[in-house]
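>>> Prediction below, plus the sequence it came from.
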Amino acid sequence: MLPTELTDTAYQAQLAHKKQRLSALLAPFAAPEIQVFASPLQHFRLRAEFRIWREGDQRHYAMFAPGSKNDVILLEQLPIASEKINQLMPQIKAAWQANEKLSHKLFQAEFLTTLSGEALVTLCYHCPVDNDWQAAAQPVAEQLGISLIGRSRGKRLVVGQDYVTEQLTINQRSFSYRQPEGSFTQPNGVMNQQMISWACKQLGQHEDDLLELYCGNGNFTLPMSTQVRRVLATEISKTSVKAAMANLTENQIDNIQLARLSAEEFTQALTGVREFRRLQEANIELGSYQFGTVFVDPPRAGMDSATCELIRQFPRIIYVSCNPETLANNIEQLSSTHRLAASALFDQFPWTEHIESGVVLERR
Ligand SMILES: C[S@@+](CC[C@H](N)C(=O)[O-])C[C@H]1O[C@@H](n2cnc3c(N)ncnc32)[C@H](O)[C@@H]1O
């Protein structure tokens, strides 16, 4: 639940508490001082998802109170969401109020926006979306200058594009990122830029190669590739790999190879347990790489034990994590061979207890 007042005092107190928690988790590994990156207090979330709640003949944006499936909070605005989302909320509501085709059986609205000002809204229905829906959505999308997607079970209609394009400047160079609907993107754009810059700084300039696991749409991959000879990046999601491929072309970067492999599969490939046709199809010769650093940004579950053993072979590990508990477990596994050389807290999720962090591990 959001505090009633998003004041700087309340924010600083929560951030200090997060730093304490992270320090306690990293204390067994003789952690150096944690570098803290604070977030804007409001309008930091580039994506937001709302239930649509019906009262009488009116539909409203709604969220469930934390931990409850019945306690509904109706909303007109969401101060933590981007200015663009707050601007669009009443406009989209007005559109469904004006047209039965857009409101009938509507149960969810998902907003995806960028720092560069683009927006995509997905409306989810309990009845099939059809040509009439598309005809109703078209003028709304055109008038608002956004893409609109209608989703129902097994069906998706797109008005405009099924992605937004983010523009980020990292170390004075601008990168453009295709961010597809429904796939992973870092929610806090300002913090994302800080995280990428931090990872690039920790990486430094190298003549050897970088391995990246869990690369998503290439969020870190593109800027980091400018500091090494070559990058091999892997990711499990087909949609994200496709977006990453498009991002390589769009940014004219030619020293990255991408493979759609889970971290577990890649571990099997690199340790010679199993061969994968997907590597051959992408012309990837694992033996041609001279890896110096590995960069990982796994989901909340952290890295599986076999992947941890694989990355143990690297002299330098840069690890970004959205779950400090699984991060600590993974560091514990690696601590017999690696020491903690740097740590950072990125406040991606203000007003929640969630902690995003980064560490550098160096071979002892
Ligand atoms: C926290 S996100 C980070 C993505 C990317 N680094 C970014 O900044 O946008 C974790 C990513 O891991 C991918 N993923 C989840 N499980 C995986 C697995 N077992 N192997 C490889 N990738 C996985 C997800 O699809 C997601 O893109």
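Yep, it's here.
>>> From the structure, what's the count of residues near the residue of the chain found nearest the ligand?
Of all residues in the chain, the one sitting closest to the ligand is residue 216 (2.8 Å; C-beta to the nearest ligand atom). C-beta: built from backbone N, CA, C; applies to glycine. Counted with other C-beta atoms under 10 Å, residues neighbouring residue 216 total 24.
>>> Ok, residue 361 next?
26.
>>> Confirm that it sits in a strand.
Yes: counting by DSSP: H, G, I helix; E, B strand; the rest coil, residue 361 is part of a strand.
>>> Wait, it touches residue 342, no?
No: using C-beta atoms under 8 Å, residue 361 makes no contact with residue 342, being 9.0 Å away.
>>> Report the contact partners of the residue of the chain closest to the ligand.
Counting by C-beta atoms under 8 Å, 6 or more residues apart in numbering, residue 216 makes contact with 183-185, 235, 237, 240, 244, 297.
>>> show me which of those residues neighbour the ligand.
184-185, 235, 237, 240, 297 (C-beta under 6 Å from any ligand atom).
>>> Run through the bridge partners of the nearest residue to residue 78 once chain neighbours are set aside.
Distance criterion C-beta to C-beta, 6 or more residues apart in numbering; nearest residue to residue 78, sequence neighbours excluded, is residue 48 at 5.8 Å. Beta-bridge partners for residue 48, by DSSP bridges, are residue 111.
>>> what's around residue 48, how many residues?
Neighbour tally, residue 48, other C-beta under 10 Å: 21.
>>> Run through the residues that contact the residue sitting furthest away from the middle of the chain.
No residue in the chain sits farther from the centre than residue 56, which is 37.0 Å out by C-alpha atoms, centre = their mean. Going by C-beta under 8 Å, 6+ apart, residue 56 touches no other residue.
>>> So residue 183: helix, strand or coil?
Relying on three-state DSSP, one would call residue 183 coil.
>>> correct me, but it touches residue 242?
No: the criterion here is C-beta under 8 Å, and residue 183 misses it with residue 242 at 9.1 Å.
>>> still on that earlier bit, if I look at the residue farthest from the centre of the chain, what pLDDT would I see?
Listed pLDDT for residue 56 reads 88.
>>> Then residue 199?
Note for residue 199: predicted pLDDT of 98.
>>> repeat for residue 275
The per-residue pLDDT of residue 275 was computed as 92.
>>> just the helices in the protein please.
Ranges of helices within the chain are 8-26, 83-98, 100-103, 131-144, 189-203, 221-225, 238-250, 263-270, 277-281, 305-311, 324-334, based on DSSP state H.
>>> What residues of stretch 38-53 count as buried?
Applying a neighbour-count criterion of 16 or more other C-beta atoms under 10 Å, one finds 38-39, 41-48, 50-53 buried in stretch 38-53.
>>> Serialize the residues you listed to CSV and add fields for pLDDT and distance to the ligand.
Shown next, in CSV, are those (pLDDT from 0 to 100; distance: C-beta to the nearest ligand atom, whole Å):
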residue, pLDDT, distance to the ligand
38, 98, 20
39, 98, 16
41, 97, 23
42, 96, 23
43, 97, 20
44, 97, 16
45, 98, 15
46, 98, 12
47, 97, 12
48, 97, 17
50, 97, 23
51, 96, 24
52, 97, 27
53, 96, 30
